[in-house]
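Visitor: the sequence isn't on hand, but the structure is:
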């Protein structure tokens, strides 16, 4: 047994602590419990299962947070015509997210549920059903957790005992929240940020409607796959009767903690990101400022999500030298072609003995580089995905038709303005990038991610209460 590993709490011990937090929630409310937990728990635990990330704050978590090992991203379409329903949902989501990120259930467990759990598994003790009203206006006893069935359990219970796992939950608003089919459903059309543009159709796009768009966005990231999915599952259940799931996608990271992860093509992904440790870069490229049309977005960001399918069968039969030409980097070290280390500067002017660019003109690194895009940068926070196999037709030679992996990249990019970030960069890539012969963009969405919430308030309050 290794002696350098921190002792891990017993399953019963962890849940006993969780039960105490639930009991505290009955008297203090979810927001106060979250704040109390933050004061006692380090943001980055040695054990990724016990790591806790704050929910309340100036910015939402999951943007500049150190990237967790798993994600589940989802978009929902609003089905209600009532503005008050949307506000009530955002309040309920805020309360639930504040609890979930601290390792608690989405709503307090009832006495009956906790007693049964204790009898069966010794899992939860001394929780109370006599909870006061929550900040959302609903009784905090789980009865409002499922609008469809008031007797439904307050939480699915599938992650009891797993710990917070560094969970972050990030919410965003799609263009459909402001106007849809030419209609201003909630009186918000005049408050739509100019930066929240409808993305253009890029060269080579083969977008699938069921994997594109959405009125509301949820990004859950955690160090455990089940914890990330569980969070979205509970929030989607809260939305029954108000919003319906449009699409969802699970993703994962490959690579040691603290190192640049590799994508399914075997290359390091995100080396040239602006450093999240430098606030001045985040303010310049990631965080949105207060603009006259959208003062409520100050401290928020704009998030583009693209589902990019990779024809791995084609890629795997390509010589490594050519793969490196496609990327503009050495595959194993991650260094720019001609360099030795991953973080060596990319020299776009360097030429070989024949006068040709060392980094090819149509390589991914050159076309996406800040120097090729008028100084623009975006913060990539992408994940790989693997959805088994299906029948696929390639759009590039050799135009094969066969059963292939449905796998690729969940490209997630945060930026202060998509008009200056993702759109011009991707327009260049879509037209000239050598990588296009291996990739196809099949899903797309853009969202305004508002700033973080304050305890007692809710996500997006500035939009609705301005």
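Guide: Yes, it's here. Since the structure is predicted, the reported quantities are computational estimates derived from the model, not experimental observations.
Visitor: what sits against residue 320?
Guide: Applying C-beta atoms under 8 Å, 6 or more residues apart in numbering, one finds that residue 320 lies in contact with residue 331. To be clear about C-beta, it is placed using only N, CA and C from the backbone, and glycine gets the same treatment.
Visitor: quick one: end-to-end length of stretch 435-443, please.
Guide: 17 Å (C-alpha to C-alpha, to the nearest Å).
Visitor: how much space between residue 95 and residue 202?
Guide: Shown here: residue 95 relative to residue 202, a distance of 39 Å by C-beta to C-beta, to the nearest Å.
Visitor: more neighbours: which of those two?
Guide: residue 95 (25 against 17; other C-beta atoms under 10 Å).
Visitor: quick check: that one is in a helix.
Guide: Yes - using DSSP: H, G, I helix; E, B strand; the rest coil, the assignment for residue 95 is a helix.
Visitor: the residue most central in space within the chain: which element?
Guide: Closest to where the C-alpha atoms of the chain average out (C-alpha atoms, centre = their mean) is residue 219, at 3.4 Å. Under the criterion DSSP states H and E, the helix or strand holding residue 219 is strand 216-222.
Visitor: what strands flank that strand, and is each parallel or antiparallel?
Guide: As defined by DSSP bridges, the strand partners of strand 216-222 come to strand 70-78 (antiparallel), strand 168-173 (antiparallel).
Visitor: what's the shortest one in contact with?
Guide: Residues outside strand 168-173 that contact it (C-beta under 8 Å, 6+ apart): 53, 55, 60-63, 65, 68, 90, 93, 97, 100-101, 196, 215-222, 231, 235, 303, 447-450, 459-460, 463.
Visitor: any idea of the mean pLDDT for the strand ranked longest in the chain?
Guide: Taking DSSP state E as the assignment, the strand of the chain that covers the most residues is strand 401-415. Computed over strand 401-415, the mean pLDDT rounds to 94.
Visitor: coming back round to it: and the strands paired with strand 216-222, which is most packed in?
Guide: Highest mean neighbour count of those: strand 168-173, a mean of 26 (counted as mean count of other C-beta atoms under 10 Å).
Visitor: thinking again about what came up before, quick check: bridge partners of the residue nearest to the centre of the chain?
Guide: So, taking DSSP bridges as the rule, residue 219 has residue 73, residue 170 as bridge partners.
Visitor: in contact with it, which residues are there?
Guide: For residue 219, the set of contacting residues under the criterion of C-beta under 8 Å, 6+ apart consists of 62, 71, 72, 73, 168, 169, 170, 171, 172, 303, 412.
Visitor: please tell me I have it right and residue 51 contacts residue 165.
Guide: Yes - counting by C-beta atoms under 8 Å, residue 165 is a contact partner of residue 51 at 6.7 Å.
Visitor: helices along the stretch 151-300 of the chain, start to end?
Guide: In the stretch 151-300 of the chain, the helices defined using DSSP state H, counting those that start in this stretch lie at 225-238, 279-285.
Visitor: would you list those in a markdown table and tack on distance to residue 190 and mean pLDDT?
Guide: Formatted as a markdown table, the entries for these read as follows, by distance: least, C-beta to C-beta, whole Å; pLDDT from 0 to 100:
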| stretch | distance to residue 190 | mean pLDDT |
| --- | --- | --- |
| helix 225-238 | 28 | 98 |
| helix 279-285 | 27 | 97 |
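Visitor: of the ones you listed, which is nearest residue 362?
Guide: Among those, the nearest to residue 362 by C-beta to C-beta is helix 279-285 (24.7 Å).
Visitor: pull out the buried residues from the closest one.
Guide: 281, 282, 285 (16 or more other C-beta atoms under 10 Å).
Visitor: what does that helix contact?
Guide: Under the contact criterion C-beta under 8 Å, 6+ apart, helix 279-285 has outside partners 64, 274, 275, 276, 376, 377, 378, 379, 415, 416, 421.
Visitor: neighbour count and distance to residue 407 added to these, as TSV?
Guide: Compiled in TSV, those are given as follows (neighbours: other C-beta atoms under 10 Å; distance: C-beta to C-beta, whole Å):
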residue	neighbour count	distance to residue 407
64	20	27
274	19	28
275	11	30
276	16	27
376	19	29
377	22	27
378	26	23
379	24	24
415	26	26
416	23	31
421	23	26
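Visitor: what's the farthest-apart pair in these?
Guide: Of all the pairs that the contacts of helix 279-285 form, the one spanning the most space (C-beta to C-beta) is 64 and 376, at 18.1 Å.
Visitor: list the contacts of residue 381.
Guide: Counted by C-beta under 8 Å, 6+ apart, residue 381 has contacts 62, 63, 67, 270, 412, 413, 414.
Visitor: hmm, try it at 6 Å
Guide: Residues near residue 381 by C-beta atoms under 6 Å, 6 or more residues apart in numbering: residue 412.
Visitor: what ranges does this protein have for its strands?
Guide: Secondary structure of the chain (DSSP E): strands located at 70-78, 168-173, 216-222, 243-252, 301-310, 379-380, 383-393, 401-415, 439-449.
Visitor: columns distance to residue 339 on top of these, output as a markdown table?
Guide: As requested, these are exported to a markdown table (distance: least, C-beta to C-beta, whole Å):
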| stretch | distance to residue 339 |
| --- | --- |
| strand 70-78 | 31 |
| strand 168-173 | 34 |
| strand 216-222 | 31 |
| strand 243-252 | 29 |
| strand 301-310 | 25 |
| strand 379-380 | 20 |
| strand 383-393 | 25 |
| strand 401-415 | 24 |
| strand 439-449 | 25 |
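Visitor: would you check that residue 214 makes contact with residue 246?
Guide: Yes - shown here, residue 214 and residue 246 form a contact pair, counting by C-beta atoms under 6 Å, at 4.7 Å.
Visitor: what touches both of these two?
Guide: residue 75.
Visitor: more neighbours, the two?
Guide: Here residue 214 and residue 246 are set side by side on neighbour count (other C-beta under 10 Å), and the busier one is residue 214, at 27 against 21.
Visitor: what's the nearest residue to the more buried one once chain neighbours are set aside in contact with, if anything?
Guide: Distance criterion C-beta to C-beta, 6 or more residues apart in numbering; nearest residue to residue 214, sequence neighbours excluded, is residue 75 at 2.5 Å. When the contact criterion is C-beta under 6 Å, 6+ apart, the partners of residue 75 are 214, 217, 246, 247, 445.
Visitor: residue 75 and residue 283, how far apart?
Guide: Looking at residue 75 against residue 283, where the rule is C-beta to C-beta, the gap reads 28 Å.
Visitor: about what we covered before: could I get the buried residues of helix 279-285 as JSON lines with distance to residue 209?
Guide: Shown next, in JSON lines, are those (distance: C-beta to C-beta, whole Å):
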{"residue": "281", "distance to residue 209": "36"}
{"residue": "282", "distance to residue 209": "34"}
{"residue": "285", "distance to residue 209": "31"}
